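Colleague: Requesting a structural model of the entry that follows:
(one chain, ligands or ions: 1)
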Amino acid sequence: MSNKKGKVYLIGAGPGDPGLVTVRARQLIEAADVIIYDYLANPKLLDWAREDSERIYVGKRSGLHSIPQDEIEEILVERANKGKQVVRLKGGDPFVFGRGGEEIGELQIDNIPFEIVPGVTAALAAAAYAGIPLSHREFSSSITFLTGHENPEKQSLSIDFRKHGQTNGTLCLYMSLGQLPRIIGELKEGGMPGDKPVGVIQWATLNRQQSVYGSLDTIVADIEAAGIGTPAMIIIGEVVAHRSKTEWFEGRELFGKRFVVTRAREQAGQLTHMLEDKGAEVIELPFIEVTPEFDPKLVSEVFTGLAVYEWIIFTSANGVKTFFDLFYKAFDDIRCLGPMRIAAVGAATAREIEKHRLKVDFVPKKANAEALADELIENEGMESVQVLVVTGNQNREALVKRLETEGRAIVDTLPLYKTKKTNLLENEAAERFRKEGADAILFTSSSTVNSFIDQNAAFKLEEGARHPVLGSIGPMTSKTLTEKKLPIGFEAPVSSLEHFIEAAVKHFNE
Ligand code: SAH
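Modeller: Presented below is the predicted three-dimensional model:
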């Protein structure tokens, strides 16, 4: 055991939207050695963590039970005793029905230093995202947080809801969906009228949020009809009837729609962002997988002779990444790259190069390998010029051949990575697609259409799943879809992400 004691940070992970955690929470996630998280903490928060941090999921997995509380406490103590900075992420706020008290109890017994970072609790988040003011000068002067489920081992409730039936204030019920008929019965016995307004909000703050409104008398049937399940926040009180008429969150243009986006291209992240901003849910499906693969002997030969090249051409951002990883291992001075000029096939590749504070001398007007060769030959005159092409296992023949035959350049190729098909039958996101379906699949290139057909088996929808229409980013992609006899649901008139989103909005709002 090291003498250095670690520390445990009990952090509120907020209700779901990663934008709703505190700045302190983010700093601690970024610095953590170990992160322990459960089902209600959004796994996207882990994107901020160090790549080498240890991540331990302690929530329920399909078919498996969650890790018992005492084991979680053991993990916290054990890692902290090893001198680690341990982040314990808990949905909402750690001290609101989150067993945070039990965890710090254990830490105190073992004399482990800790810090507590509050989070936005589900009641506040659900109210805000549904437009329900929890207090109101005319209708409600008290807010009560209640749980319908104190201890999974205990069947009975110690809360007497009849007492709460007397209130004119607002009740916020956590973990109560299963017990609701009984809770409503007791509230009414206690004197609450059957027409008291009730709102139920599931997955608040996420784009999969769903809500339903009714009264004490109708809400159980309303929940059933709307198909609402856990996790859900139940808000009872006059304030529910005075919620805002503008649905700032659920009213967004693509709210309630689910899109499949392929991650085969660098721009997928941006497309996902734009869709989510408009309220859509996005399932990202990686059709291809890129892994570094190279011949170390060839790499060292090329590096030894780097000074001979007048041009270095990068055909993808992946090539740039692997190239510089290897370069920095071999050299400790960027000037070892030499005075060569640099070409990139397109904007994304150029951006990756510029991260190294290197200027890109040439990007073709059209982002493809043929155009790159043609334009270089035309503008730069490549005869007898020594060129290094950094590339993958695909997509290089045309470029190299043109440079050699038409440009009469002297070309060396350095393959650094391999692109291969992902097995979507074993991919989690694809599994979700098969189960839940989607409203649209977005095709951003002809190659994504081909992969889709290729992986047909992975797209077999289960019963009850939504059946998607197919969206096309532009004329070229549409042509491929039509050739493959796939019906086009909507199409961007010009091939750009903005036009694509516009076409989707138009399609779903008509
Ligand atoms: N510590 C958490 C609560 C944990 S108890 C907090 O402060 O929010 C779990 C219950 O919280 C769920 O059963 C549900 O009632 C509520 N809850 C958590 N996240 C929610 C969300 N995104 N939308 C609706 N309810 C949520």
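Colleague: was I right about residue 393 contacting residue 295?
Modeller: No. The pair residue 393 / residue 295 is not scored as a contact, 11.8 Å apart, by C-beta atoms under 8 Å. Where C-beta positions appear, they are placed from N, C-alpha and C, glycine not excepted.
Colleague: got any residues that touch both of these two?
Modeller: residue 415 (C-beta atoms under 8 Å, 6 or more residues apart in numbering).
Colleague: Reduced to three states, what does residue 11 come out as?
Modeller: With DSSP: H, G, I helix; E, B strand; the rest coil as the basis, residue 11 sits in strand.
Colleague: so who does it touch?
Modeller: Counting by C-beta under 8 Å, 6+ apart, residue 11 touches 21, 25, 28, 29, 87, 88, 89, 90, 94, 116, 117, 119.
Colleague: Try it again at 7 Å.
Modeller: The neighbourhood of residue 11, defined by C-beta atoms under 7 Å, 6 or more residues apart in numbering, consists of 25, 28, 87, 88, 89, 90, 94, 117, 119.
Colleague: Give the residue spans of the stretch 1-150 of the chain that score low on pLDDT.
Modeller: Residue ranges of the stretch 1-150 of the chain with pLDDT under 70: 1-3, 60-64, 150.
Colleague: Please list the residues of it that sit near the ligand.
Modeller: Residues of the stretch 1-150 of the chain lying close to the ligand by C-beta under 6 Å from any ligand atom are 15-16, 40, 90-93, 96-98, 121-122, 126.
Colleague: show me what contacts the closest residue to the ligand within the stretch 51-200 of the chain?
Modeller: Nearest residue of the stretch 51-200 of the chain to the ligand (C-beta to the nearest ligand atom) works out as residue 92 at 1.9 Å. Neighbouring residues of residue 92 by C-beta under 7 Å, 6+ apart: 12, 14, 15, 40, 98, 119, 120, 121, 122.
Colleague: from those residues, which would you call buried?
Modeller: Neighbour counting with 16 or more other C-beta atoms under 10 Å marks 12, 14, 15, 40, 98, 119, 120, 121, 122 as buried within the contacts of residue 92.
Colleague: Which strand residues bridge the second one?
Modeller: In this case it means residue 14. Note on residue 14: beta-bridge partners by DSSP bridges are residue 92.
Colleague: hang on, it packs against residue 122?
Modeller: No. If you go by C-beta atoms under 7 Å, residue 14 and residue 122 don't touch, sitting 9.1 Å apart.
Colleague: For stretch 487-506, give me every contacting residue.
Modeller: By C-beta under 7 Å, 6+ apart, stretch 487-506 touches 253-254, 267, 270-271, 274-275, 278, 440, 442, 469-474, 476, 478, 481, 507.
Colleague: Please list the members of the residues you listed that lie in helices.
Modeller: Using DSSP state H, the subset of the contacts of stretch 487-506 located in helices is 270, 271, 274, 275, 476, 478, 481, 507.
Colleague: Name the member of those residues with the most neighbours.
Modeller: Taking other C-beta atoms under 10 Å as the neighbour criterion, residue 275 ranks highest of those with 25 neighbours.
Colleague: Narrow the contacts of residue 11 to those in strands?
Modeller: 87, 88, 89, 90, 117 (DSSP state E).
Colleague: and which of these is nearest residue 174?
Modeller: Minimum distance to residue 174 across these is 13.2 Å, recorded for residue 90 (C-beta to C-beta).
Colleague: count of residues packed around that closest one?
Modeller: Residues within reach of residue 90, counting by other C-beta under 10 Å, total 25.
Colleague: again with residue 381
Modeller: Using other C-beta under 10 Å, residue 381 has 12 other residues around it.
Colleague: How much space separates it from residue 339?
Modeller: 18 Å (C-beta to C-beta, to the nearest Å).
Colleague: Longest strand in this structure, please.
Modeller: Secondary structure assigned by DSSP E gives strand 410-421 as the longest strand of the chain.
Colleague: List the pairing partners of that one within its sheet, with orientation.
Modeller: strand 288-292 (antiparallel), strand 386-392 (parallel).
Colleague: Check the offset of that strand from the chain's centre.
Modeller: Centroid separation for strand 410-421 versus its chain: 30 Å, with C-alpha atoms, centre = their mean, to the nearest Å.
Colleague: now swap in stretch 375-385 and tell me
Modeller: 43 Å.
Colleague: again with stretch 385-401
Modeller: That offset, for stretch 385-401, works out to 34 Å (C-alpha atoms, centre = their mean).
Colleague: Could you export it as PDB, CA atoms only?
Modeller: Coordinates of each C-alpha in stretch 385-401 appear next as PDB, following Å, rounded to 0.1, in the frame of the first residue of the first chain:
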ATOM      1  CA  VAL A 385       9.600  15.800 -58.200                       C
ATOM      2  CA  GLN A 386      10.100  13.400 -55.200                       C
ATOM      3  CA  VAL A 387       6.800  12.800 -53.500                       C
ATOM      4  CA  LEU A 388       5.700  10.900 -50.300                       C
ATOM      5  CA  VAL A 389       2.100   9.800 -50.200                       C
ATOM      6  CA  VAL A 390       0.900   8.900 -46.700                       C
ATOM      7  CA  THR A 391      -2.200   6.800 -46.900                       C
ATOM      8  CA  GLY A 392      -4.200   3.800 -45.900                       C
ATOM      9  CA  ASN A 393      -4.900   0.500 -47.500                       C
ATOM     10  CA  GLN A 394      -7.500   1.900 -49.900                       C
ATOM     11  CA  ASN A 395      -7.800   4.800 -52.200                       C
ATOM     12  CA  ARG A 396      -4.200   5.300 -53.200                       C
ATOM     13  CA  GLU A 397      -3.800   3.600 -56.600                       C
ATOM     14  CA  ALA A 398      -5.500   6.300 -58.600                       C
ATOM     15  CA  LEU A 399      -3.500   9.100 -56.900                       C
ATOM     16  CA  VAL A 400      -0.100   7.400 -57.200                       C
ATOM     17  CA  LYS A 401      -0.700   6.300 -60.800                       C
END
